[in-house]
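Sequence unavailable; structure follows:
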């Protein structure tokens with residue numbers, strides 16, 4: 001199972017980090033010019049996450065820990081065709 005780790009900070013919220021990871025994944029896919037199942041799966045998981053996540057809630061939950069100086073990690077994976 002492919003897992004994607006996203007690490008927001010006080011300068012970049014989870015939505016920004018996810019968008020950057022998605023953009024980077026798409027660029028790597030296009031640069032290869034060949035099929036890459038893992039990159040395709042990663043892009044699809046990130047796309048679904050960006051479309052369905054409640055970023056307001058995720059930001060509120062993570063900012064509390066970030067302000068305290070803690071590291072916050074979101075691990076995203078697909079289950080039943082939906083990001084978890």
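Good, I have the coordinates. All of these numbers come straight from a predicted model, not from anything done at the bench.

helices or strands up against the lowest-mean-pLDDT helix or strand in the chain?
Least confident helix or strand, the chain: strand 82-83 with a mean of 86, by mean pLDDT, DSSP states H and E. Contact analysis of strand 82-83 by 3 or more Cβ pairs under 8 Å, 6 or more residues apart in numbering; DSSP states H and E lists helix 37-52 as its packing neighbours. The way it works is simple: take the backbone N, C-alpha and C, and place the C-beta from them, glycine included.

could you give the mean pLDDT of the helix it packs on?
Per-residue pLDDT over helix 37-52 has a mean of 94.

Name the residues of that helix that come out as buried.
Of the residues in helix 37-52, 39, 41, 42, 43, 44, 45, 46, 49 count as buried by neighbour count, 16 or more other Cβ atoms under 10 Å.

between those residues, which is closest to residue 77?
The closest of the buried residues of helix 37-52 to residue 77 turns out to be residue 45 (Cβ to Cβ; 6.9 Å).

How about the closest one: what's its closest non-neighbour residue?
Leaving aside its sequence neighbours, residue 45 sits nearest to residue 78 (Cβ to Cβ, 6 or more residues apart in numbering; 5.0 Å).

One more: residue 84?
Excluding its sequence neighbours, the residue lying closest to residue 84 (Cβ to Cβ, 6+ apart) is residue 77, at 5.8 Å.

quick one, the helix or strand where that neighbour lies and helix 37-52 angle?
For residue 77, the host element (DSSP states H and E) is strand 74-79. Angle between the axes of strand 74-79 and helix 37-52 is 100 degrees (criterion: axes from the mean of the first three to the mean of the last three Cα atoms, to 10 degrees).

Could you pull up the mean pLDDT of strand 74-79?
With pLDDT averaged residue by residue, strand 74-79 scores 94.

Pull the distance from that strand to the chain's centre.
When C-alpha coordinates are averaged (Cα atoms, centre = their mean, to the nearest Å), strand 74-79 and its chain have centres 8 Å apart.

Could you list the residues in contact with it?
For strand 74-79, contacts defined as Cβ atoms under 8 Å, 6 or more residues apart in numbering pick out 1-8, 14, 18, 41, 44-46, 48-49, 58, 62, 83-84.
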